[in-house]
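A.B. asks: pasting the structure only:
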C-alpha cells in the first residue's frame, strides 16, 4: 500500500512569490493535515482538511491557505513568501472524522523542503 | 494550554546501551499520545501510540506507557543500535485532530 506522497521534494522561491505544495493521502484516508517544521521551531500544525472542508487551522497568517480536492488530495499555497517561510512542510493523512479518535492515527509523508531566497 | 515537553538533546549513547527519552504533557481531558521518529532527510514515522491511561505502546523494541498520574509518556529501549540514530518526537492529540508535538530529541548512537 502506498504511503502519503508529496511533491515537489524541493522548492526554491524568492521573497514575494507564491509556492504551491501538493499531497496525496493514503488510499481510503479522507483527512489531510499540513505541518511546518522550521529550524529551531519544531513542528507546528498548519491546517486540517476533511471531506473537502477546512476543519481546523493553526496560528498562521491568512497567506497560508489550501484546499482539498474530491479525490482527497490537497494543496498548500503560501502567498507573498517571506524568508522565515523556509521550512520542511509535512503532510499527513488519516482515516478522518468518521473514525474513532483512538484509531485516527496520522501518517506522514516525506515532506517538501521550501527555501525562500 | 496544551503542550508537550521533551528532554533536550542530543542524547549520545553507545550501542547496546539503555535509552530513556522523557516526555510530559499538559492537556485538558485525556489525549492520545504518540512517539514519532524522523530519520535524516525523511518525514515522520509513527513509532508507537497509546490512547488511554496505563496503555503501553511498543514497536521495534521501543516502549512507552501512558501515565495519567504523572502526565508522562517516556520512551524506552533496552538496547539501542546505531540504526536508531534519529530525532524522536513526542506528540498528543487532544481533539480536533491537531497534533501537538514536543521539540524533538536527537539520539546519536555510536558503535
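C.D. replies: In hand now; what should we look at? This one's a predicted model, so the numbers in the text were calculated from it and none came from an experiment.
A.B. asks: Kindly report the residues of chain B close to chain A.
C.D. replies: Residues of chain B found near chain A (Cβ under 8 Å from any Cβ of the partner chain) are B:32, B:34, B:36, B:42-46, B:49, B:51-52, B:89, B:91, B:93, B:95-104. No exception for glycine: its C-beta is placed from N, CA and C like everyone else's.
A.B. asks: hmm, which of these are the buried ones?
C.D. replies: Among these, those classed as buried by 16 or more other Cβ atoms under 10 Å in any protein chain shown are B:32, B:34, B:36, B:43-44, B:46, B:49, B:51, B:89, B:91, B:93, B:97-104.
A.B. asks: tell me the strands in chain B, going along the chain?
C.D. replies: B:3-6, B:11-14, B:19-21, B:23-26, B:32-38, B:44-50, B:56-59, B:62-65, B:75-77, B:86-93, B:99-101, B:105-110 (DSSP state E).
A.B. asks: which of the ones you listed has the lowest average pLDDT?
C.D. replies: Lowest mean pLDDT of the strands of chain B: strand B:99-101, a mean of 88.
A.B. asks: Parallel or antiparallel, list what pairs with it.
C.D. replies: strand B:86-93 (antiparallel) (DSSP bridges).
A.B. asks: Now do the strand it pairs with: distance to the chain's middle.
C.D. replies: Between the centre of strand B:86-93 and the centre of its chain there are 5 Å (Cα atoms, centre = their mean, to the nearest Å).
A.B. asks: and if you look at stretch B:73-80?
C.D. replies: 9 Å.
A.B. asks: Regarding that stretch, how distant is the last residue from the first?
C.D. replies: 19 Å (Cα to Cα, to the nearest Å).
A.B. asks: Okay, buried residues for it please.
C.D. replies: B:73, B:74, B:75, B:77, B:80.
A.B. asks: who's in contact with residue A:4?
C.D. replies: A:23, A:24, A:25, A:26, A:91, A:92, A:93, A:107, A:108, A:109, B:43 (Cβ atoms under 8 Å, 6 or more residues apart in numbering or on different chains).
A.B. asks: Wait, the last one touches residue A:111, no?
C.D. replies: To tie it back to what came earlier, the one meant is residue B:43. Yes - using Cβ atoms under 8 Å, residue B:43 is in contact with residue A:111, at 4.8 Å.
A.B. asks: so the residue nearest to the spatial centre of chain A, which of the three states?
C.D. replies: Computing the C-alpha centroid of chain A and ranking residues by Cα atoms, centre = their mean puts residue A:34 first, at 2.7 Å. Of the three states, residue A:34 takes strand under DSSP: H, G, I helix; E, B strand; the rest coil.
A.B. asks: Residues in a beta bridge with it, which ones?
C.D. replies: residue A:47, residue A:91.
A.B. asks: now it: how far from chain B?
C.D. replies: 11 Å (Cβ to the nearest Cβ, to the nearest Å).
A.B. asks: Next up, the contacts around that residue.
C.D. replies: A:23, A:46, A:47, A:48, A:66, A:74, A:76, A:89, A:90, A:91, A:92.
A.B. asks: and the fifth one, what element?
C.D. replies: For residue A:66, the host element (DSSP states H and E) is strand A:64-68.
A.B. asks: Output the contacting helices and strands for that strand.
C.D. replies: strand A:42-50, strand A:74-78 (3 or more Cβ pairs under 8 Å, 6 or more residues apart in numbering or on different chains; DSSP states H and E).
A.B. asks: mind running it again at 6 Å?
C.D. replies: Contact analysis of strand A:64-68 by 3 or more Cβ pairs under 6 Å, 6 or more residues apart in numbering or on different chains; DSSP states H and E lists strand A:74-78 as its packing neighbours.
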